[in-house]
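*Asks:* how would this look folded up:
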Amino acid sequence: MRATTQWILGLVLAITGTGCGKQASAPTTVSSSATALVQPALTAWQQGDKAAATARFTETDWSRVPLFPSNSPLRLTEEEFIKLSVAERQSKSPEMMSQLDELKRLAGAVAQAGREAAAKGNATQARKYFVALRQCGTALDSSDRMRLVQLVGQGMKKAAEAELGKLGQ
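*Replies:* Sure, this is the predicted structure:
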């Protein structure tokens with residue numbers, strides 16, 4: 001159990017360290033799936049089209065499923081992940097971290113777009129970004145997700161709520 005706790009702590013630290021001026025590694029493409037909600041926004045993000053990625057993120061209905069492609073390790077529940085052998089968990093960890101890192105960077109860009117809209121006095125547009133961020137966070141912070149994914153979702157919700165609070169929401 002201690003090794004699992006240390007492993008999860010290491011993943012959380014790696015995720016939360018992203019975006020603090022560190023140079024990002026090359027992105028790993030999330031496997032395609034026509035029905036995975038994150039795919040259109042992440043594909044645009046990975047292709048370097050920040051504007052399209054943030055637009056697709058804000059246009060997504062985060063209450064729908066599936067959130068992730070069927071072959072993504074992020075689609076596993078906590079119970080499914082724990083049932084994997086140590087070797088399987090270790091082999092899935094780099095892909096899982098890469099996918100979470102991409103999603104976190106995209107969410108950061110959405111939050112930044114919202115802050116920029118607010119700074120320009122466009123509270124309606126800013127609210128749109130922050131509400132989408134909160135909705136995505138809520139979708140990630142679900143009991144049928146791995147704890148690590150839930151933590152990322154909680155971070156998104158907290159950031160969105162803070163920004164919405166600044167707008168008077």
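*Asks:* in this structure, which spans are strands?
*Replies:* Using DSSP state E, the chain contains no strands.
*Asks:* now the helices for it?
*Replies:* Assigned by DSSP state H, the chain shows helices spanning 2-17, 39-46, 50-59, 78-83, 86-119, 123-140, 147-166.
*Asks:* okay, those in a markdown table with mean pLDDT, mean neighbour count and distance to Phe68 next?
*Replies:* Glycine gets a C-beta too; all of them are placed from N, C-alpha and C. Below are these laid out as a markdown table (pLDDT from 0 to 100; neighbours: other CB atoms under 10 Å; distance: least, CB to CB, whole Å):
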| stretch | mean pLDDT | mean neighbour count | distance to Phe68 |
| --- | --- | --- | --- |
| helix 2-17 | 40 | 12 | 16 |
| helix 39-46 | 94 | 20 | 8 |
| helix 50-59 | 96 | 18 | 15 |
| helix 78-83 | 94 | 13 | 13 |
| helix 86-119 | 96 | 18 | 8 |
| helix 123-140 | 97 | 21 | 10 |
| helix 147-166 | 97 | 18 | 9 |
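*Asks:* wait, what's in contact with the residue nearest to the spatial centre of the chain?
*Replies:* Nearest to the mean C-alpha position of the chain, by CA atoms, centre = their mean, lies Leu103 at 3.5 Å. Applying CB atoms under 8 Å, 6 or more residues apart in numbering, we find Leu103 in contact with Val38, Leu42, Val152.
*Asks:* against Leu167, how distant is the residue of the chain positioned farthest from its centre?
*Replies:* Within the chain, the residue lying farthest from the chain centre (CA atoms, centre = their mean) is Gly121, at 27.0 Å. Remark: distance between Gly121 and Leu167 (CB to CB, to the nearest Å) = 11 Å.
*Asks:* next one: Gln125
*Replies:* In this view, Gln125 and Leu167 are 11 Å apart by CB to CB.
*Asks:* again with Pro66
*Replies:* 31 Å.
*Asks:* again with Leu151
*Replies:* In terms of CB to CB, Leu151 sits 25 Å off from Leu167.
*Asks:* spatially nearest residue to Ala123, not counting backbone neighbours?
*Replies:* Leu167 (5.4 Å; CB to CB, 6 or more residues apart in numbering).
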